[in-house]
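Participant: can you look at this prediction? I've put the sequence above it.
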Amino acid sequence: MPDARITAIVADITRLAVDAIVNAANSSLLGGGGVDGAIHRAAGPELLAECRTLSGCPTGEAKATKGYRLPAAWVIHAVGPVWHGGGQGEPAALAACYRNSLAVARTIGARTLAFPAISTGIFAFPKDLAAEIAVAEIDRVLQGDPWFQSVILCCFDDVTLAIYRRVLGQA
Ligand code: AR6
């Protein structure tokens, strides 16, 4: 069974009072639609101003900013892969996103975090495979590691929640 600190809920990630929320960004880090647009709207224009100083971010990697008007102190901007059929390293890039976001969380002192379902919206990554990768990678990092207190898989719809509950064995 995956680590019990990993849980799935349906929520608007911009409302969660965790140490850090993860953004499903693109490599420009200059905003966009989906959860990225929602995070920028809720955080205010200071977020974009800080993002402009970061010079973008490669796919599979993550960079942190402050959370500004969000309840979360930090935003970790992770760049998921665009799904091109699975033969272009998309699964490994998605796993790297989760792993690197957790590494960034540790460097900023964040113990409670929330992830959206990275790449499964505009970037079209299949939801089931994405959930399996997310849970496996987070679980691997949490094994024997007391640093993280809670990792929330923040779903925006009941279909995604059902997938995570099944993968987590919490159905
Ligand atoms: N809270 C939680 N989850 C959300 C929210 C929210 N407020 N809004 C959407 N989701 P997407 P991607 C879910 O498309 O596929 C942007 O333009 C959504 O239902 O936001 O990684 C970026 O700038 C889905 O399950 O991100 C990039 O260009 C999940 O978040 C591109 O989209 C991810 O969907 C990234 O695409």
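Facilitator: Arrived safely. Since this is a predicted model, take the numbers as computed values, not measurements. Numbering: from 1, shown residues only.

Participant: tell me the secondary structure for the residue nearest to residue 82 when sequence neighbours are not counted?
Facilitator: Leaving aside its sequence neighbours, residue 82 sits nearest to residue 123 (C-beta to C-beta, 6 or more residues apart in numbering; 4.7 Å). No exception for glycine: its C-beta is placed from N, CA and C like everyone else's. With DSSP: H, G, I helix; E, B strand; the rest coil as the basis, residue 123 sits in coil.

Participant: what residues does the protein have near the ligand?
Facilitator: Counting by C-beta under 6 Å from any ligand atom, the chain comes close to the ligand at 12-14, 24-26, 32-36, 38, 80, 116-123, 154, 156-157, 160.

Participant: which of the residues you listed are buried? Put it as a PyMOL command.
Facilitator: To isolate the buried members of these in PyMOL, using 16 or more other C-beta atoms under 10 Å:
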select buried, resi 13+14+24+25+26+32+34+35+36+38+80+116+117+118+119+120+121+123+154+156+160
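
Participant: give me the subset of the residues of the chain next to the ligand lying in strands.
Facilitator: Residues of the residues of the chain next to the ligand located in strands (DSSP state E): 24, 25, 154.

Participant: as JSON lines, these with pLDDT would be great.
Facilitator: Output for those, formatted as JSON lines (pLDDT from 0 to 100):
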{"residue": "24", "pLDDT": "99"}
{"residue": "25", "pLDDT": "98"}
{"residue": "154", "pLDDT": "99"}
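
Participant: so how far is residue 76 from the residue positioned nearest the centre of the chain?
Facilitator: Central residue of the chain (C-alpha atoms, centre = their mean): residue 115, 3.3 Å from the mean position. Look at residue 115 and residue 76: by C-beta to C-beta, to the nearest Å, they are 9 Å apart.
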